[in-house]
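Trainee: heads up, no residue letters with this:
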């Protein structure tokens, strides 16, 4: 048994055969037959391999080899003449693969599916440094799905080889929508280390990417391409000229990695690996852009240029921050020219103009608004890709009154004149270079509304001045979170100001509450600990006062859940101002201890202390001892225990 086994079990099978050796007059001669049955390459069953060989006294080796399973047959036969002056090779290879799926595990790192048929033959003859190739291959419905694109391609056509020149004859690639990509031309291998290319590619519409959403997959959706390309020249001076159209039907989403980083220590982690099937578990994060860059790096001297035309119906989306939920979706139009050669290492020229789109801004539950892009926003390039200049603006409409905006400019008698709700626009501006963009906010109002509200118009012009960025951002935040302006003067619109303040605080409080509970849940294991932050308007003093409290609750079950204890306290963080001589009970803890007298819990005893507010006595404390009795019954009224009381009624607790 042949079993060469390392980490990947490279080859495995059962070997049997016979070898004969003769050594007459110092000239060795040997011949024989060998067979490998149940042959496996990287644990992939390939069938049976048989070989015959015969080494003659004239220093020539004649051999034949055949690899066969139920559906596939690959055979080769030939000879090699060992001479120092003129070594000579004669080789004939025949291929008849009816089920290409057998070979899928060998390439599963790069493709998801492989099916179809391949047949043909070719010959090699001549000296090793000057081999002559002739023959051809016929591909019939050869289907493959590259992992990098997840789009299924169907290959049909013939590849012929004559005098070391490979020629694509009627070679077509179909996508899953039955669109055709034509591949024609030739590759001259007479200079094997530096072949000569003359290849032409053409398609009107082709589904190049059809990727689905999965963990680790950053590019999802569909990419429809029209393309025409010419590849000419030798490998050391390859010229690629192409025109690419991003067509209607494109709907691509790119997911940027989130900003949250998690540090994981590998110490203590046990990783179980099945070497026999390790090739089935390997995944590749393949990015088409990285593949193009890698290819250009490997092929030195490449001269690559392409014109890119984008159809306005093509749709693109980018997850700016997957953790927060920020996403932008847009449609573009424009033309770009990309060049890569010895002088221009990735030069991009042109401009893209925005047709329509939106930016869904989400800040961990605090803000979730949809900004609509202004048509005509642009991105332009005249050099490096990351040096592109962006000039984008997007708007979100908030209908609110103008009292908070002009509070310093009006008197209390004029407040009612500005209570009308107007459609204010929060403007998000993104400018300067893509690699280091500048993001700013503005507040705008339609011209017809400005003309009939001169006070508002003057205030907006002043607010949008560069030196008013801090005040402007404060009002933008108020509009997005609370839906209203924050008055500069607290005496104006006290109710509106209090409402805005409470709304903003409670939005922030929800974030604090979530983070506090995450921390306590991670580090406090002995008891159940819940924390929360709450903001409310307190009128106990006769006047409105905004208060913020930290609520802390600790609970624990003991003695097989027979005893349960709870401790709760409300700690004033802001707005607590007790009168002289007045003692506040808000910070005093409340507790409750319950004991189940019976295992079923029908009889319980409970000791408690709680804080309360009485309309006459103010803040008071209640303490006591309670006896609790719990009984389940089927219906109200006198209990019927007669022989006919078999009616089924639902339980009422």
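Mentor: Nice, I can see it. Here the structure is a predicted model, which is why all the values come from computation and not from measurement. Residues are numbered from 1 along each chain as shown.

Trainee: Now the phi/psi pair for the nearest residue to residue 155 once chain neighbours are set aside, please.
Mentor: What sits nearest to residue 155 in space, not counting adjacent residues and going by CB to CB, 6 or more residues apart in numbering, is residue 142, at 4.2 Å. Where C-beta positions appear, they are placed from N, C-alpha and C, glycine not excepted. The phi/psi pair for residue 142 (degrees, to the nearest 10) reads phi -80, psi 110.

Trainee: Residue 142 and residue 168, how far apart?
Mentor: Distance, residue 142 to residue 168, by CB to CB, to the nearest Å: 14 Å.

Trainee: same check, this time on residue 632
Mentor: Counting by CB to CB - residue 632 and residue 168 are separated by 83 Å.

Trainee: about what we covered before: ok, now which ones touch the residue nearest to residue 155?
Mentor: 100, 115-118, 154-156 (CB atoms under 8 Å, 6 or more residues apart in numbering).

Trainee: Pretty sure residue 477 sits in a helix.
Mentor: Yes: the assignment for residue 477 (DSSP: H, G, I helix; E, B strand; the rest coil) places it in a helix.

Trainee: Show me what the one helix or strand residue 33 maps to is packed against.
Mentor: Using DSSP states H and E, residue 33 sits within strand 29-41. Secondary-structure packing of strand 29-41 (3 or more CB pairs under 8 Å, 6 or more residues apart in numbering; DSSP states H and E): strand 11-22, strand 44-55.

Trainee: quick one, which of those strands is packed in tightest?
Mentor: Of the helices and strands packed on strand 29-41, the one with the most neighbours on average (mean count of other CB atoms under 10 Å) is strand 44-55, at a mean of 17.

Trainee: Report all helices and strands that the next helix or strand after it contacts.
Mentor: On the C-terminal side of strand 44-55, the closest following helix or strand by DSSP H and E is strand 60-68. If you count contacts as 3+ CB pairs under 8 Å, 6+ apart, strand 60-68 packs onto strand 44-55, strand 72-81.

Trainee: related to what we said a few turns ago, and the residue nearest to residue 155, how close does it get to residue 421?
Mentor: From residue 142 to residue 421 the distance is 65 Å (CB to CB).

Trainee: hey, where'd the strands end up in the stretch 301-450 of the chain?
Mentor: 303-310, 315-321, 326-340, 345-362, 368-373, 378-383, 389-400, 422-433, 438-444 (DSSP state E, counting those that start in this stretch).

Trainee: how distant is the strand holding residue 33 from the center of its chain?
Mentor: Distance, stretch centre to chain centre, for strand 29-41: 49 Å (CA atoms, centre = their mean, to the nearest Å).

Trainee: Taking their axis directions, it and strand 44-55 sit at what angle?
Mentor: Strand 29-41 runs at 170 degrees relative to strand 44-55, counting by axes from the mean of the first three to the mean of the last three CA atoms, to 10 degrees.

Trainee: can you redo the strands of the stretch 301-450 of the chain as TSV with mean pLDDT?
Mentor: Shown next, in TSV, are the strands of the stretch 301-450 of the chain (pLDDT from 0 to 100):
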stretch	mean pLDDT
strand 303-310	93
strand 315-321	84
strand 326-340	90
strand 345-362	88
strand 368-373	88
strand 378-383	91
strand 389-400	92
strand 422-433	90
strand 438-444	89
